[in-house]
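Novice: just coords:
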Ligand code: ATP
């Protein structure tokens, strides 16, 4: 579904991603791990077209998307839930969900969103500012589904959340995966990632240095945690 080859990305003169290659098959959950500053967010932003200078190839389905605008890439079905959750705190849940123009064919109707995220239904008239961290994260995940994403990029969805809320986010990810969604996840919480992911890539200084199966990750988890410093 997603195939990245020789991707280089820059902020001004800083060469951040260097010849990155990675693929995600339809229906998979793949997790990207790496230290702070390794380039994980830059990679997600490169996929959604939000890095001004990038070269190489990013194929989504049968289309080359590296030169497309963020709007086009979004309309093709690539959704992004950013690390800061990107929600409008002065708008209520319903307004946050419906602010974009959804793809009429692939966008989830509100009833379907609320079936999968009952807490958002209960909070629908509440201002986003008053939501808990977990509820904000659910809203950040629900928004691209409303828009019609078939491929979701999730940037550290469990950051700052209590363990019980992390479990709830894991249940949501497994639930939406079972509907056929494909997910590329950035995550430092390896215990959480193990509950949802099919395999891993490790990024170091802007380069993919390792690909790991779940089994390999289980063997290497402690040394990786020491390396990540988490
Ligand atoms: P973190 O979890 O800390 O966000 P990350 O792996 O997601 O880490 P990135 O945010 O992709 O890392 O950052 C990769 C590198 O790019 C870092 O050296 C960072 O300082 C640099 N960088 C990030 N955003 C910008 C920007 N807007 N302008 C210049 N450099 C940036």
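Specialist: Thanks, I have the structure now. What you see is a predicted model; the values in this text were computed from it and never measured.
Novice: which parts of the protein sit against the ligand?
Specialist: Contact residues (C-beta under 6 Å from any ligand atom) of the chain with the ligand: 11, 14, 16, 34, 36-42. From N, CA and C alone the C-beta is placed, and that goes for glycine too.
Novice: these two touch, right, residue 29 and residue 195?
Specialist: No. The pair residue 29 and residue 195 does not pass the contact test of C-beta atoms under 8 Å, sitting 9.9 Å apart.
Novice: neighbour count winner among the two?
Specialist: Neighbour tally, residue 29 and residue 195, criterion other C-beta atoms under 10 Å: the higher count belongs to residue 29, 22 against 15.
Novice: what's across from that one in the sheet?
Specialist: residue 183 (DSSP bridges).
Novice: which residues touch it?
Specialist: Residue 29 is in contact with 173, 177, 182-183, 185, 196-198, counting by C-beta atoms under 8 Å, 6 or more residues apart in numbering.
Novice: Pass me the low-pLDDT residue ranges in the protein, would you?
Specialist: Low-confidence segments of the chain, defined by pLDDT under 70: 230.
Novice: in which helix or strand would I find the residue most central in space within it?
Specialist: Centroid-nearest residue in the chain: residue 154, 1.6 Å away (criterion: C-alpha atoms, centre = their mean). Using DSSP states H and E, residue 154 sits in strand 151-155.
Novice: Moving along the chain from that strand, name the first helix or strand you hit.
Specialist: helix 163-178.
Novice: From the contact counts, what lies against that next one?
Specialist: helix 110-116, helix 133-147, strand 182-186, helix 190-196 (3 or more C-beta pairs under 8 Å, 6 or more residues apart in numbering; DSSP states H and E).
Novice: switch to 6 Å and redo it
Specialist: helix 133-147, helix 190-196 (3 or more C-beta pairs under 6 Å, 6 or more residues apart in numbering; DSSP states H and E).
Novice: Among the ones you listed, show me which one is buried the most.
Specialist: helix 133-147 (a mean of 23; mean count of other C-beta atoms under 10 Å).
Novice: Can I get the helices and strands packed on helix 163-178 in JSON lines including distance to residue 213?
Specialist: Listed next are the helices and strands packed on helix 163-178 as JSON lines, based on distance: least, C-beta to C-beta, whole Å:
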{"stretch": "helix 133-147", "distance to residue 213": "25"}
{"stretch": "helix 190-196", "distance to residue 213": "11"}
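Novice: right, so of the ones you listed, which gets closest to residue 124?
Specialist: Among these, the nearest to residue 124 by C-beta to C-beta is helix 133-147 (10.2 Å).
Novice: what does that closest one rub up against?
Specialist: Helix 133-147 has contacts (C-beta atoms under 6 Å, 6 or more residues apart in numbering) with 79, 81, 85, 87, 96-97, 100, 102, 107-108, 113, 117, 119-120, 152, 157, 160-161, 165, 168-169.
Novice: Equivalent analysis for stretch 104-114, please.
Specialist: Against stretch 104-114 from outside (C-beta under 6 Å, 6+ apart): 121, 142, 145-148.
Novice: if we go to 7 Å?
Specialist: 77, 97, 120-121, 142, 145-148, 150 (C-beta atoms under 7 Å, 6 or more residues apart in numbering).
Novice: Now do the buried residues in that stretch.
Specialist: 107-108, 110, 113-114 (16 or more other C-beta atoms under 10 Å).
Novice: That stretch: how far from the chain's middle?
Specialist: 19 Å (C-alpha atoms, centre = their mean, to the nearest Å).
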